[in-house]
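Undergrad: what's the 3D shape of this:
(chains A and B)
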There are 2 protein chains.
Amino acid sequence: MDHDAGGAAGTRQRPRLIDFYFDFSSPYGYLSSERIERIAARHGCVLRWHPILLGVVFKRTGGAPLPSQPLKGDYALHDFARTARLHGIEYRMPTRFPVSGVPPSRAFLWVANRDADAAVALAKALYRAYFIDDVDIGSVEGTVQVARSVGVECEPLERGMESAEVKAQLKAEVDAAMVAGVFGSPFFLVDGEPFWGDDRVEQVDRWLATGGW
Amino acid sequence: MDHDAGGAAGTRQRPRLIDFYFDFSSPYGYLSSERIERIAARHGCVLRWHPILLGVVFKRTGGAPLPSQPLKGDYALHDFARTARLHGIEYRMPTRFPVSGVPPSRAFLWVANRDADAAVALAKALYRAYFIDDVDIGSVEGTVQVARSVGVECEPLERGMESAEVKAQLKAEVDAAMVAGVFGSPFFLVDGEPFWGDDRVEQVDRWLATGGW
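TA: Now for the predicted structure:
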């Protein structure tokens, strides 16, 4: 159904698209953030990063953070670390968990409105600060500290994070994600095909390699 | 730490053990039931089949069947079928879902008390009847019909399913599973190491191949 508005005689194909939804407090979201870029690059995909707020989503779906659930909680803590080791990803369960995704998500959006690549670098730095260095990225101070470390100017960032525009933008992004069917983190839409969970990253890779099955 | 009571001078190793927990109404349990035997055989493992009742487990954990959850439900139905196709497993979402796991689980235990291999053949036949042929295995009639098709004598089976011994045995099995930390279907204990979900079958395979990581 898609038409390539820029292609001569419609012969050029649009690059394929991976929409990557994640909550900054999500261990599996962090693990996927360390793997999805390589997969997108391998298949020549455009990768779009979308921070969401699972707390808002869970109000709608009745979900809850894995580690707080009976029986599942202990398993989840074990599985986060075991899966990180399997993929060779550095990981440490943060002291504070979960934390608010609001400050890091607002910072991401404010930077993204100016420079998409810088926003991705910030997202990865925020995730690593939280899941390796135990920085409290749920606080404005923690988020700003990480932003500074990747070269973002702090004063305009802090003003931007408090702006009505960025606040409204985050709300709209989370609403749009739910409309698109997103209910967890990580969540991938691959040319619209939904995949939920870090354990579906291999299927995303195969979907792109084979064109679906 | 394990000692092999039967080995001469302790030189023989005990075969490794996969405990496979599943609910007869669980689509992902069915998918795993079609894959786990090959993995157990490849690594020379003993595979033990354990029917559980997710309804009882969910009372403790607060879980709910995936397809009944907002947003997640539609995705789950899509993912069941897509993952079945990926693995080349025949699959059709049953008309009645979920169904009670009590009749098929009791039938499994009654047969297992007499012939472990026959019980496994019955479990696979029950799963296929439900997830391919749309047989209502949640009814005594449906379960007995499937049992007959794999050569189980029906009259003693029906009496056995109603016996106090088998009823108590199923309850004890579900309790023991929860004590072991099982909270979902499928669930694997690989020499005690827990893996939850059909999407962890590849990790089970790798765990056995590498001795863990």
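Undergrad: okay, now the closest residue to residue A:25 other than its chain neighbours: neighbour count?
TA: Among residues not flanking residue A:25 along the chain, residue A:98 sits closest, at 3.8 Å (CB to CB, 6 or more residues apart in numbering or on different chains). (Glycine included, C-beta is placed from N, CA and C.) By other CB atoms under 10 Å in any protein chain shown, the residues close to residue A:98 number 19.
Undergrad: mind checking how far residue A:98 is from residue A:79?
TA: 16 Å (CB to CB, to the nearest Å).
Undergrad: which of the residues in the lowest-mean-pLDDT helix or strand in chain A are buried?
TA: Here the helix or strand of chain A ranked lowest by mean pLDDT, DSSP states H and E is helix A:54-61, holding a mean of 90. Neighbour-count burial for helix A:54-61, counted by 16 or more other CB atoms under 10 Å in any protein chain shown, picks out A:54, A:55, A:56, A:57, A:61.
Undergrad: the fourth one reaches residue A:64, doesn't it?
TA: No - here residue A:57 lies out of contact with residue A:64, judged by CB atoms under 8 Å, at a distance of 11.0 Å.
Undergrad: around chain B, which positions in chain A sit nearby?
TA: Taking CB under 8 Å from any CB of the partner chain as the criterion, chain A approaches chain B at residues A:60-63, A:69-72, A:74-75, A:78-79, A:82-83, A:85-86, A:178, A:181-184, A:194, A:196-197, A:199-200, A:202-203, A:206, A:213.
Undergrad: quick check on those: which are buried?
TA: Here, 16+ other CB under 10 Å leaves A:61, A:63, A:69, A:71-72, A:75, A:79, A:82-83, A:178, A:181-184, A:194, A:196-197, A:199-200, A:203 buried among those.
Undergrad: what about the residues you listed, which are in helices?
TA: A:61, A:72, A:75, A:79, A:82, A:83, A:178, A:203 (DSSP state H).
Undergrad: tell me the contacts of the fifth one?
TA: Right, the one you point to is residue A:82. Going by CB atoms under 8 Å, 6 or more residues apart in numbering or on different chains, residue A:82 touches B:203, B:213.
Undergrad: low-confidence ranges, chain A, go.
TA: Along chain A, segments meeting pLDDT under 70 span A:1-13.
Undergrad: mind listing the strands for it?
TA: A:17-22, A:46-51, A:187-190, A:193-196 (DSSP state E).
Undergrad: can you list contacts of the first one?
TA: If I follow you right, that is strand A:17-22. A:29-30, A:32-33, A:36, A:39-40, A:45-52, A:123, A:177, A:180, A:182, A:185-191, A:204.
Undergrad: now do that strand against helix A:54-61, angle only.
TA: When axes from the mean of the first three to the mean of the last three CA atoms, to 10 degrees is applied, the directions of strand A:17-22 and helix A:54-61 differ by 90 degrees.
Undergrad: neighbouring strands of strand A:17-22 in the sheet, and parallel or not?
TA: strand A:46-51 (parallel), strand A:187-190 (antiparallel) (DSSP bridges).
Undergrad: list the contacts of the residue nearest to residue A:146 when sequence neighbours are not counted.
TA: Counting by CB to CB, 6+ apart, residue A:146 lies nearest to residue A:129, which is 4.6 Å off, once chain neighbours are set aside. Counting by CB under 8 Å, 6+ apart, residue A:129 touches A:135, A:137, A:142, A:145, A:146, A:149.
Undergrad: closest one to residue B:116 out of the buried residues of helix A:54-61, please.
TA: Nearest to residue B:116, judged by CB to CB, of these is residue A:61 at 40.8 Å.
Undergrad: you'd agree the closest one is up against residue B:74?
TA: No - applying CB under 8 Å as the test, residue A:61 and residue B:74 come out as separate, 11.6 Å apart.
Undergrad: residues contacting stretch A:184-197, please?
TA: A:16-23, A:26, A:28-29, A:32-33, A:36, A:45, A:52, A:54, A:57, A:63, A:177, A:180-183, A:198, A:200-201, A:203-204, A:207-208, A:212, B:72, B:75, B:78-79, B:199.
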